[in-house]
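[1] compute the structure for the input listed below.
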Amino acid sequence: MQRTDVNTLGEFGLIDHLTENFVNKQQTTILGVGDDAAIIAGGDEQIVISTDMLVEGIHFDFTYTPLKHLGYKAVVVNLSDIAAMNARPEQITVSIALSNRFSVEALDELYAGIAAACKTYGVDLVGGDTTSSNKGLIISITAIGRAPAGRITRRSGAKVGDLICITGNLGAAYLGLQLLEREKAVFKDNPEMQPKMGEHAPYLLQRQLRPEARTDMVDTFAKEGIVPTSMIDISDGLASEIFHICKASGVGAIIEESGVPIHNDAQLQALEFNLDPITTALSGGEDYELLFTIDPKDTEKIRFLPDLYIAGEIVAKEDGVKLHTKGGNIHPIKAQGWNHFGE
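    Have a look, this model is predicted:
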């Protein structure tokens, strides 16, 4: 039998391959695989469901990840997918597989973080599962949300002429991870050495270890009478996510470098690492901000909203996906986000 390495397909190629022969048979299944969340019929409103898994050694490292922060982040990354559908999260389930090196007290810390996230976002823990693992910790969380049918936003609705918008700022979480990995390497060589993170570290570390989901934007959109034409959360880097929207919508995109929001601490830390700040924004990942498109007629509604930036325009598919630099050059964008299967 021929053996094909999963790396040749990548995460989303593998998902497409494994699910291509599945056909939805239930009338209540409105949208299955292929977006930030599935959509299920639920009366006057529709239900959105998303599942994510975090694996020790792949998605987190206990050298520098506190258990309470991990519990909080594990919830947030799932709620971010619900927000990306323009829905409000309501419930989660939590399943964990753990080795015998974890004590009850350690799990108390993990669940304290989960509880803190549930309190912050007003969601209920309604179930899950616990089992053993031969090595390390695995966390799987399912998030459930709800929204009126007319307000749910998919990746597939972007149209030529739509404006591309971004919430918050990008690249900081990646740079926070680089700081942690740098200090981990120093610690391995000299366990007596105390970390020296630098003046930009507090914000960058917070963005990496304890991110927040932009559920607030769901309320903002509703208040302002805006329904994005497409939307996705930025978990794998801006470049990867704009490609997902363009593929699903059958369009191209022009991203303006001057319109990509980057925090000042991230700008300065990137330069210290001899990195181009726009590269960290395009390929970094784990920012959990929202990338969305709007009809140009809604421009005035969003122009002066806080923490929201117009970063480009949707163009015809044949024009590709490109970056317009501050220097006036135009370059093709390559989707070089997080590789979930490693090298």
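[2] low-confidence regions, the stretch 51-200 of the chain specifically.
    Residues of the stretch 51-200 of the chain meeting the criterion pLDDT under 70: 192, 194.
[3] at 90 instead, please
    Applying pLDDT under 90 to the stretch 51-200 of the chain flags residues 134-135, 185-199.
[4] now the strands for it?
    Using DSSP state E, counting those that start in this stretch, the strands of the stretch 51-200 of the chain run over 88-98, 124-132, 137-148, 163-167.
[5] residue 314 is nearest to which of these?
    Among the strands of the stretch 51-200 of the chain, strand 163-167 comes nearest to residue 314, with 6.5 Å by Cβ to Cβ. Bear in mind the C-beta positions are built from the backbone N, C-alpha and C, glycine included.
[6] go through the closest one and flag the buried ones.
    163-167 (16 or more other Cβ atoms under 10 Å).
[7] could you pull out the strands for the stretch 201-343 of the chain?
    So, for the stretch 201-343 of the chain - with DSSP E, counting those that start in this stretch - the strands run 230-234, 252-256, 289-294, 308-315, 321-324, 330-332.
[8] the longest one versus strand 163-167: what angle between them?
    Following axes from the mean of the first three to the mean of the last three Cα atoms, to 10 degrees, one obtains 150 degrees for the angle between strand 308-315 and strand 163-167.
[9] quick check: buried residues in strand 308-315?
    Applying 16+ other Cβ under 10 Å to strand 308-315 flags 308-309, 311-315 as buried.
[10] returning to that earlier point: so which of the strands of the stretch 51-200 of the chain is the most packed in?
    Per residue and on average, the most neighbours among the strands of the stretch 51-200 of the chain fall to strand 163-167, with a mean of 24 (mean count of other Cβ atoms under 10 Å).
[11] partner strands of it, parallel or antiparallel?
    Next to strand 163-167 in the sheet, as set by DSSP bridges, lie strand 289-294 (antiparallel), strand 308-315 (antiparallel).
[12] just to revisit the earlier point, so which of the strands of the stretch 51-200 of the chain is nearest residue 56?
    Of all the strands of the stretch 51-200 of the chain, it is strand 137-148 that lies closest to residue 56, at 4.6 Å by Cβ to Cβ.
[13] output the closest one as PDB - backbone C-alpha positions only.
    What follows is strand 137-148, C-alpha atoms only, in PDB (Å, rounded to 0.1, in the frame of the first residue of the first chain):
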ATOM      1  CA  LEU A 137      -1.500  16.300  28.400                       C
ATOM      2  CA  ILE A 138      -4.100  16.700  25.600                       C
ATOM      3  CA  ILE A 139      -7.000  19.100  25.900                       C
ATOM      4  CA  SER A 140     -10.000  19.100  23.500                       C
ATOM      5  CA  ILE A 141     -12.700  21.700  23.900                       C
ATOM      6  CA  THR A 142     -15.900  22.100  22.000                       C
ATOM      7  CA  ALA A 143     -17.600  25.500  21.900                       C
ATOM      8  CA  ILE A 144     -21.200  26.100  21.200                       C
ATOM      9  CA  GLY A 145     -22.700  29.400  20.200                       C
ATOM     10  CA  ARG A 146     -25.900  30.900  18.700                       C
ATOM     11  CA  ALA A 147     -26.900  33.700  16.400                       C
ATOM     12  CA  PRO A 148     -29.800  34.800  14.200                       C
END
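[14] tell me who's in contact with the residue sitting nearest the centre point of the chain.
    Taking Cα atoms, centre = their mean as the criterion, residue 235 is the residue nearest the geometric centre of the chain, at 2.4 Å. Contacts here follow Cβ atoms under 8 Å, 6 or more residues apart in numbering; on that basis residue 235 touches 77, 80, 241, 285-288, 338.
[15] which of those residues lies closest to residue 221?
    For the contacts of residue 235, the nearest to residue 221 is residue 80 (15.2 Å; Cβ to Cβ).
[16] pretty sure the closest one sits against residue 236.
    No: look at residue 80 against residue 236 with Cβ atoms under 8 Å: they stay out of range, at 11.8 Å.
[17] re earlier: do you know the pLDDT at the residue nearest to the centre of the chain?
    Note on residue 235: pLDDT of 94.
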